[in-house]
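A.B. asks: Okay, structure incoming, though there's no sequence with it:
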């Protein structure tokens with residue numbers, strides 16, 4: 001192993017040890033990834049500052065209808081194996097403050113304030129899957145979401161309008177939907193065949209006649225920019241998405257089965273540059289099913305128009321285990337694999353360089369240090385990066401720190 005790789009690994013491990021040691025003396029109560037994704041929090045032991053904060057937040061909700069959540073996500077990744085960038089380390093981090101203000105019964109406004117730092121190892125390894133879904137540009141401050149939500153008829157109908165992210169509601173999955181608490185790769189957060197826009201002007205409506213079924217539709221600006229208000233390009237293009245969801249229960253085992261249909265109405269250049277298309281269609285599914293207590297599997301599939309989209313077929317599969325180590329009831333082990341199968345037009349345009357698919361394998365262990373800090377080591381293997389037959393298999397190791405309260 002080259003000296004620079006050994007040195008990089010040593011610095012990586014040393015940083016992990018230092019940060020872990022610095023936070024260990026904190027309180028011992030924990031949060032599971034599922035509870036965080038559903039907005040549920042466990043109270044820490046009585047007398048702790050976290051418990052006092054929880055009570056203060058409850059007071060704000062009861063007295064003023066105001067609720068807030070603060071999150072700090074920092075992920076450090078190292079390229080263990082790659083044809084050119086072996087041994088390189090990069091981090092990605094962001095701070096997010098979300099505030100919910102209830103206006104009148106059934107109505108609330110939501111606003112997020114965020115700051116992003118770092119492009120991570122994705123600046124070195126070109127992939128369709130992405131090694132970190134939070135990779136981006138350095139932005140000191142912006143408002144990614146600001147919308148109003150109205151619930152009617154005892155929440156059987158829900159309407160949201162404003163600057164929003166449709167992927168918060170569509171193509172969800174209990175096991176694979178959060179880059180904060182679950183997988184890191186974009187390919188294991190959403191289907192890569194659904195061209196979800198950046199956070200921009202949009203609306204969504206949900207009708208849930210019964211607890212076990214719902215119908216949902218949404219639309220937003222297809223060419224949105226998360227860092228802009230969206231007013232200037234709000235009517236230039238539109239992304240439409242519809243979803244039907246079923247939530248059957250077999251005994252005590254729960255499942256969720258989502259069927260998704262989407263259309264993008266904007267001018268798109270055909271693969272290979274031979275003309276344009278004004279719209280394209282696609283469909284997909286997103287399933288998760290509990291098969292035993294604490295064990296849940298997931299499956300996604302997506303299909304896109306290969307004339308304008310690089311990826312024609314996409315699928316991902318995996319699962320998670322809650323309490324993988326006896327006694328660690330708030331820990332979680334997740335394993336997943338995702339494959340992007342390139343369309344015929346893309347392969348022909350790329351000639352011999354294009355592979356039939358790019359595959360990413362990912363495993364993580366979510367270790368709850370205390371009430372508000374989760375430590376998640378992560379390992380990724382990418383074969384045929386960027387759908388290139390000649391590209392060497394990449395191996396990336398990472399560690400994510402999630403601070404939330």
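C.D. replies: Received, thanks. It should be emphasised that the depicted structure is a prediction, and the values quoted were computed from it without experimental measurement.
A.B. asks: drop to CA atoms for contacts and neighbour counts, all remaining ones
C.D. replies: Will do.
A.B. asks: in the sheet, who's paired with residue 321?
C.D. replies: residue 295, residue 333 (DSSP bridges).
A.B. asks: From residue 292, how far off is it?
C.D. replies: 10 Å (C-alpha to C-alpha, to the nearest Å).
A.B. asks: more neighbours, these two?
C.D. replies: residue 321 (20 against 12; other C-alpha atoms under 10 Å).
A.B. asks: just checking, that one touches residue 336?
C.D. replies: No: if you go by C-alpha atoms under 8 Å, residue 321 and residue 336 don't touch, sitting 11.9 Å apart.
A.B. asks: count of residues packed around residue 126?
C.D. replies: 15.
A.B. asks: Can you find the helix or strand of the chain with the lowest average pLDDT?
C.D. replies: helix 33-37 (a mean of 37; mean pLDDT, DSSP states H and E).
A.B. asks: next structured bit after that one?
C.D. replies: Next helix or strand after helix 33-37 toward the C-terminus (DSSP states H and E): helix 49-64.
A.B. asks: Pull out the buried positions in that following helix.
C.D. replies: 50, 51, 54, 57, 61 (16 or more other C-alpha atoms under 10 Å).
A.B. asks: Repeat that for stretch 388-395.
C.D. replies: Using 16+ other C-alpha under 10 Å as the test for burial, stretch 388-395 gives 388, 389, 391, 393, 394, 395.
A.B. asks: Each with direction, which strands does whichever strand or helix holds residue 401 pair with?
C.D. replies: Counting by DSSP H and E, the element that carries residue 401 is strand 394-404. The strands beside strand 394-404 in its sheet (DSSP bridges) come out as strand 66-81 (antiparallel), strand 373-383 (antiparallel).
A.B. asks: And the ones you listed: which comes nearest residue 98?
C.D. replies: strand 66-81 (5.3 Å; C-alpha to C-alpha).
A.B. asks: Please work out the average pLDDT along the next helix or strand after the closest one.
C.D. replies: Next helix or strand after strand 66-81 toward the C-terminus (DSSP H and E): strand 89-104. Mean pLDDT, strand 89-104: 92.
A.B. asks: Of all the residues in strand 89-104, which ones are buried?
C.D. replies: By neighbour count on 16+ other C-alpha under 10 Å, the buried set for strand 89-104 is 89-102.
A.B. asks: chain center to that strand: distance?
C.D. replies: 14 Å (C-alpha atoms, centre = their mean, to the nearest Å).
A.B. asks: Could you do stretch 56-71 as well?
C.D. replies: 25 Å.
A.B. asks: Same question for stretch 161-171.
C.D. replies: From the chain centre to the centre of stretch 161-171 is a distance of 12 Å (C-alpha atoms, centre = their mean).
A.B. asks: before we move on, the earlier item: nearest to residue 217, out of the buried residues of helix 49-64: which one, please.
C.D. replies: residue 61 (29.7 Å).
A.B. asks: For that closest one, give its distance to residue 68.
C.D. replies: As judged by C-alpha to C-alpha, residue 61 and residue 68 stand 9 Å apart.
A.B. asks: low-confidence ranges in this structure?
C.D. replies: 1-50, 227-235, 352-353 (pLDDT under 70).
A.B. asks: Would you format the buried residues of helix 49-64 as TSV with distance to residue 306 included?
C.D. replies: Shown next, in TSV, are the buried residues of helix 49-64 (distance: C-alpha to C-alpha, whole Å):
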residue	distance to residue 306
50	51
51	53
54	50
57	49
61	49
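A.B. asks: Taking the residues you listed, tell me the two that lie furthest apart.
C.D. replies: Going by C-alpha to C-alpha, the pair spanning the buried residues of helix 49-64 furthest: 50 and 61, at 16.7 Å.
A.B. asks: Quick check: chain neighbours aside, which residue is closest to residue 346?
C.D. replies: In space, residue 346 comes closest to residue 310 once its chain neighbours are excluded; the distance is 5.6 Å by C-alpha to C-alpha, 6 or more residues apart in numbering.
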